[in-house]
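Engineer: okay, sequence plus prediction incoming.
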Amino acid sequence: MSNKGYSRFYRQFTQKILDKIVTPQVLGNTEELKKTIQDQTDKKIICYVLQDASLSNTVLIDTEAKARQLPSVFAPLSIHEYQEDDSILALNVPSSTHEAYHYSAKLIRLIEALEKYPEYDIELVPVTVLWGRSPAYEDSWFKALFADAWATPSKLKQALNISLYSRENYIEFHKPISLKLAIEQSKIEYPNFSPAHSVVKELNSNFNKYKEAILGPDLSDRRNLINKLMKTETVQDAIRKESIDNKISMFEAENRAKGYLTEVVSDFSYSTLRFAELALTKLWTQLYDGIEVHNFDTVRELAKEYEIVYTPCHRSHIDYLLLSYVIFNRGLMVPHIAAGINLNLPVVGQIMRGAGAYFIRRTFSGNELYTSVFKEYLHSLLSRNTPLEYFIEGGRSRTGLLLPPKKGMLSMTIQSHLRGASKPIAFIPTYFGYEKLIEGTSYLNELNGKPKEAESIWGILSSVRKIEKVFGQVHVNFGEPVFLDQVLAEHQAKQIKLNIHDELPQPVIQTVNQVANSIQENINKAVVINPISLISLILLNADEHALTEKHLIAQISQYRDLLKMTQYDSRMIMSELSSAEMIQYAEKLKQVETVNQNNEKWVQVAESQKILLSYFSNNILHCFILPALIAMLIHSYKKISTHYLSDTLKNIYPYFKEEFFLK
């Protein structure tokens, strides 16, 4: 059998095996790629690109490409006399020499073909394939330990991948790159090098961006990171200052700094992450009827070019877990989360560290050494393009309204960015829409005047035991991003360079304030109108907190019509249940109850839920403030010109805007 015949036989054999045992998860949207291909002419040719040569990955890409009406990987590629047996390019090809890799001979042939026939172009379609990254079916620690990371898998590792992760792999087809344009660009940027040099460099850079978005940065282990941070100029200067100011030895000052870093720094572990994913899948199944996620594709695209900082509202301890679960489950790297030091409990604290949490004190209280150490750690995370998460409100809201922003973490993030060495930053405001809270009992006690309970994971577990486990659905809606560079430019602050101890100049302070307010406004724009929030708003404003079922159905319909007409924002999500179904749903969750009076069915707020339902009512209150203001003015004046009404609103609105973070 010839080499070509043997290769075809081996490929077909591999394909038959993979077809039987492998079920990949394709993330992202291939419709745009399909349209690009449909629009192509005979002079524009498609060629898929893998970062590393792998027959199993190539076969898998071919299967998924054909399933989506994309060209086959094994379709011949030809430009006049230039003929290739297939339409896939492995970027990094092992060399027979001592060098690890050399330029692909196929890439060089394709470049030569385009230079000879400039009327042609080749659209390179990068494809990422990772094994063990898709968490949808994960069921063991053993499998978690062998999941894909940054290292290129050996043949043995790839065989393990196929046997362990037959239903747990991740594929993404990326946007095409014009080889013709890449060649032209290389002649400008690298005139003394082969165009292959520039093409490989650009594609490798893109692949690393894709991989970083999925797996996170290539992090060193915790001990090495702490030692590295201890040697930085910033921390060394802070240690010397601590020694002089507090009249202690350098040795003792160093021990303090190392102690602070040990207290703060995360201990990220893929094994912990996958274990947490297993546990959380079971938790969500027990607690919720479903998790609805909206507008995530925006985040996926931004993650390739931007440093992502998730800035969600804070309504429950579940927020931490829920956001990481949603992000990981959809193929991006979980963020490193700023967690309160009170959550650094035995066992639980270590698990949280392994899942990416780093612990921060509620106040730095003039502790310059701690401040320096923490800022340097944060800067190291940003410099390595690690996605971050912190709650812009600081603590959990007990009223359902957004709290005024706490700007400490935000200020340090912007200061670090202005030190340099980080990607442009996109803040991702995120809205959580719950229909029932796990901490409901403790919130109720606090609203009734009892002292606030210490925040702890044990508090969550205690709440879960006490409350009936019927929590309905939870919505996670990713809001309109806030781009830091745009705001810096507005305040002429983009070119400012800051050191770690510099006071923030006025333009940067203005930037911090605007970013904080924009995040809050964009959280509110991503509001979710669920049955509980809407019914709560109506019933709590009714006499005796009760209405006949007929009147309640009519009011729900009126409120929904109002929301559709005045749509607060395009990202607003509204329940698709009918008015009658909403009432049945709220009754199922025991948030309302029905009674019969005078041969009529009445719906009323359950006595035990009156205070808590105001929480859910407040979640959506901002959507009705402007219509309510207009209605109040018309009702007060009986008759008012549109001109006077408009002027009055312009005078009043800023106060409500500031209080409720209105758009």
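Structural biologist: Thanks, I have the structure now.

Engineer: from here on, contacts and neighbour counts on C-alpha atoms
Structural biologist: OK.

Engineer: got the confidence number for Leu156?
Structural biologist: Looking at Leu156, its pLDDT reads 55.

Engineer: heads up, I number from 30, so please use that
Structural biologist: Yes, from this point I'll number from 30; that puts the last item at Leu185.

Engineer: any stretches of the stretch 280-429 of the chain with poor pLDDT?
Structural biologist: For the stretch 280-429 of the chain, the stretches flagged by pLDDT under 70 are 300.

Engineer: the strands in it, which residues?
Structural biologist: 319-323, 336-341, 365-369, 386-389, 417-418 (DSSP state E, counting those that start in this stretch).

Engineer: sheet partners, orientation included, of the longest one?
Structural biologist: I take that to be strand 336-341. strand 417-418 (parallel), strand 454-463 (parallel) (DSSP bridges).

Engineer: and the strand or helix carrying Glu144, what other elements does it pack with?
Structural biologist: Per DSSP states H and E, Glu144 falls inside helix 134-145. On a contact count with 3 or more C-alpha pairs under 8 Å, 6 or more residues apart in numbering; DSSP states H and E, helix 134-145 meets strand 117-123, helix 208-218, helix 224-244.

Engineer: and with 6 Å instead?
Structural biologist: Contacts defined by 3 or more C-alpha pairs under 6 Å, 6 or more residues apart in numbering; DSSP states H and E place helix 134-145 against no helix or strand at all.

Engineer: give me the domain ranges for this structure.
Structural biologist: With domains defined by automatic domain parsing, the chain comprises 32-244, 251-554, 557-648, 654-692.

Engineer: list the buried ones in the helix holding Glu144?
Structural biologist: Burial within helix 134-145, assessed by neighbour count using 16 or more other C-alpha atoms under 10 Å, is assigned to 136, 139-140, 142-143.

Engineer: and what of stretch 421-437?
Structural biologist: In stretch 421-437, counting by 16+ other C-alpha under 10 Å, buried: 421-434, 436.

Engineer: what's the closest of the residues you listed to Lys311?
Structural biologist: Sorting the buried residues of stretch 421-437 by how near they are to Lys311, with C-alpha to C-alpha, puts Arg425 at the top with 24.6 Å.

Engineer: how much space separates that closest one from Leu210?
Structural biologist: Separation of Arg425 from Leu210 (C-alpha to C-alpha, to the nearest Å): 51 Å.

Engineer: any idea which residue sits dead centre in the protein?
Structural biologist: Ile356 (5.0 Å; C-alpha atoms, centre = their mean).

Engineer: what number of residues lie near the residue lying closest to it once chain neighbours are set aside?
Structural biologist: Nearest non-adjacent residue to Ile356, counting by C-alpha to C-alpha, 6 or more residues apart in numbering: Val363, 5.9 Å away. By the measure other C-alpha atoms under 10 Å, the count of residues near Val363 is 24.

Engineer: quick check: Val363 touching Ser353?
Structural biologist: Yes - the criterion here is C-alpha atoms under 6 Å, and Val363 meets it with Ser353 at 5.3 Å.

Engineer: pLDDT weak spots in this protein?
Structural biologist: For the chain, the stretches with pLDDT under 70 are 30-52, 67-70, 122-131, 161-197, 244-250, 300, 450, 469-498.

Engineer: is Glu629 bridged to anything, and to what?
Structural biologist: Counting by DSSP bridges, Glu629 forms beta bridges with Gln626.
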